[in-house]
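just to be clear, the model below is a prediction. Sequence and coordinates:
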Amino acid sequence: MLLVVEQFLNGLQFGLLLFLLAAGLTLVFGIMDFVNLAHGSLYMMGAYFAATFVAWTGNFVLGALLALGATLLLGIVLEFVALRHLYGRDHLDHVLATFGLILFFNDAVRLIWGPAGLALPLPAWLTVPIAIMPDVYYPAYRLAIIVVALVVALLLYLVVMRTRIGMLIRAGASNREMIGALGINIKLLYTLVFGLGAALAGLAGLMQAPILTVQIGMGENILILAFVIIVIGGIGSIRGAFLAAIFVGIIDTLGRAFLPDLLRQVLSSTAASTAAPALSSMLIYLLMAIVLVVRPEGLFPASRR
């Protein structure tokens, strides 16, 4: 029972990290109609910025805040310099251009930080276990990730649903031509949305950095899950991205934790350990396929009213 609770919390934590990555991606795709394969590179840059700034300042929180700001600035510069010229063009052009950006960022990281991975050590106060139930302890840092991600999700909801800029974002998702005709600076709106998406990706990367090694290409595999999430949740839907990310995170984590034991009933130990991660991923893709058949627009598509 304790293992189930722990793995469920791990799945929740992983799902919330996926939400931070997928939320920016679904906003950019839903509002700007832009396919950004380089979104995972912004996730990677957030992790590298965090490792660098924490080492420079000696303070984890300050380094994380500086990394978040640096990723936001990088996203704005990237949109202004490179991506703005691709708006209105075919999605294939977006894919080719942003794939080139993946290669650019990977080589830039290799040139600046070197090919070896980096470690981001945690401060002592984030390494202690916290009692969440009687006789149930959970790492403080993973619990902090859950809390921070939930707060960011709430703030994102309030911004999108309760502010003027959120009204413009939702209007842009529904009818880009109309808000342009009403005199709204659509280019500025796109820059703000892309910068917000980059900041969310960077936040996910810097929070994942202490758990995994910061390395070149670390954002590429997780980007696949982010695309799966926005397909399941609905393109342009923050609520859909949130719920789909939770589903995917829990399914993936519980599958990797418990499928090996189930498979050992019919397979050898080595074969079960090898097959479990693949089967866990297959369950996620099966869920996406079912959603596409039953509800092609996603479980919670963005409102078009």
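Good, I have the coordinates.

worst-scoring helix or strand of the chain, pLDDT-wise?
helix 176-181 (a mean of 68; mean pLDDT, DSSP states H and E).

tell me the buried residues in the very next helix or strand once past that helix?
Next in sequence after helix 176-181, counting helices and strands by DSSP states H and E, comes helix 186-208. Neighbour counts over helix 186-208 (16 or more other C-beta atoms under 10 Å) mark 186, 189-208 as buried. Every C-beta, even on glycine, is put in place using the N, C-alpha and C of the backbone.

kindly report the same for stretch 104-119.
Per 16+ other C-beta under 10 Å, stretch 104-119 contains these buried residues: 105-106, 109, 113, 118.

now, those residues that are in helices?
105-106, 109, 113 (DSSP state H).

what's the closest of those to Leu20?
When those are ranked by distance to Leu20 (C-beta to C-beta), Phe105 comes first, at 18.7 Å.

which residue packs closest to the closest one, ignoring adjacent ones?
Spatial nearest neighbour of Phe105, excluding adjacent residues (C-beta to C-beta, 6 or more residues apart in numbering): Ser41 at 3.9 Å.

tell me how many other residues crowd the one you found.
Using other C-beta atoms under 10 Å, the number of residues around Ser41 comes to 30.

next one: the one 5 residues further on
Residues near Gly46, counting by other C-beta under 10 Å, number 34.

and it, how far from His39?
Gly46 sits at a distance of 11 Å from His39 (criterion: C-beta to C-beta, to the nearest Å).

quick one: neighbours of Ala131, just the number.
For Ala131, using other C-beta under 10 Å, the count is 9.

what's the answer for Leu158, then?
Neighbour number of Leu158 under other C-beta under 10 Å is 11.

let me see the contact set for it.
Shown here is Leu158, whose contacts under the criterion C-beta atoms under 8 Å, 6 or more residues apart in numbering are Gly166.

poorly predicted segments of the stretch 101-250 of the chain, please.
170, 172-180, 182 (pLDDT under 70).

what does Phe34 show for phi and psi?
Here is the backbone geometry of Phe34 (degrees, to the nearest 10): phi -120, psi 120.

quick one: it and Val28 touch, right?
Yes: assessed by C-beta atoms under 8 Å, Phe34 is found in contact with Val28 at 5.5 Å.

just to revisit the earlier point, a markdown table for the ones in helices among the buried residues of stretch 104-119, including distance to Ile229?
Formatted as a markdown table, these follow (distance: C-beta to C-beta, whole Å):
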| residue | distance to Ile229 |
| --- | --- |
| Phe105 | 22 |
| Asn106 | 23 |
| Val109 | 25 |
| Trp113 | 29 |
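
nearest to Thr274, of these?
So of these, ranked by how close each gets to Thr274 (C-beta to C-beta), first place is Asn106, at 28.0 Å.

wait, that closest one touches Ser41, no?
Yes: with contact defined as C-beta under 8 Å, Asn106 counts as touching Ser41 (7.4 Å).

neighbouring contacts of stretch 135-142?
2, 5-6, 9-10, 13, 122, 125-132, 210-211.
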